[in-house]
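Engineer: this is a predicted model, with the sequence first.
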Amino acid sequence: MNKILVICSSCTGNTEMMAKAIVHYIQKQEHHVVYKSFEFDVIDVKELLEYDLVLIGTHSADDGQIPYEAEDFYNELNEVDFTGRLIGVFGSGESFYDVFCESIELMGNHLEHFGAKLVPDRLKVELEPDDDDLIRCEAFAEKACSMIDEVL
């Protein structure tokens, strides 16, 4: 049984809906999954090294910035060597802004810079996920879980 951490930041509940769909899929696959929220849980970046897979969800604040509640986490990522660690990024945003879901790109690029192996698809959803988006969340989780054996 693999250990998987799902961390989420959600302002309107849209990214949280995505995270819950991902967690539900992972639980059905009988992996051990821990769910944490940037808003309510203390998250030590070194803790990420305890998991076989980490999935990080953020909404895009304003013009795509990292959400306030995830800023410290983002800045502390440079304290850990993530070489070879499997991490996926996902989240929701609004195409009203100049750059759609930029925080997901920022988080993914930052993690790659510190050696993480990213799940190839950075899952982005416009506003509230519909049924098709929730299916995409499950496919994202499936792909991420299938990559665990490649990395271990």
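Structural biologist: Right, received. Where do you want to start?
Engineer: pLDDT weak spots in this structure?
Structural biologist: Low-confidence segments of the chain, defined by pLDDT under 70: 61, 152.
Engineer: mind checking the longest strand of this structure?
Structural biologist: strand 86-93 (DSSP state E).
Engineer: the helix or strand that that strand is followed by versus strand 86-93: what angle between them?
Structural biologist: Once strand 86-93 ends, the next helix or strand along the chain (criterion: DSSP states H and E) is helix 102-113. Between helix 102-113 and strand 86-93, the angle comes out at 170 degrees (axes from the mean of the first three to the mean of the last three C-alpha atoms, to 10 degrees).
Engineer: in stretch 56-72, what counts as buried?
Structural biologist: Neighbour-count burial for stretch 56-72 flags 56, 57, 58, 59, 60, 61, 64, 65, 66, 67, 69, 70 (criterion: 16 or more other C-beta atoms under 10 Å). Just so you know, the C-beta spots here come from the backbone N, C-alpha and C atoms, and that holds for glycine as well.
Engineer: which one of those sits closest to residue 23?
Structural biologist: residue 57 (10.3 Å; C-beta to C-beta).
Engineer: beta partners of that closest one?
Structural biologist: With DSSP bridges as the criterion, residue 57 is bridged to residue 8, residue 90.
Engineer: contact partners for it?
Structural biologist: 6-10, 15-16, 18-19, 22, 89-91 (C-beta atoms under 8 Å, 6 or more residues apart in numbering).
Engineer: check contacts around residue 106.
Structural biologist: 64, 65, 66, 74 are the contacts of residue 106 under C-beta under 8 Å, 6+ apart.
Engineer: from these, which ones fall inside strands?
Structural biologist: Using DSSP E, none of the contacts of residue 106 sit in strands.
Engineer: closest one to residue 99 out of those residues, please.
Structural biologist: Distances from residue 99 to the contacts of residue 106, taken by C-beta to C-beta, are shortest for residue 64, at 4.4 Å.
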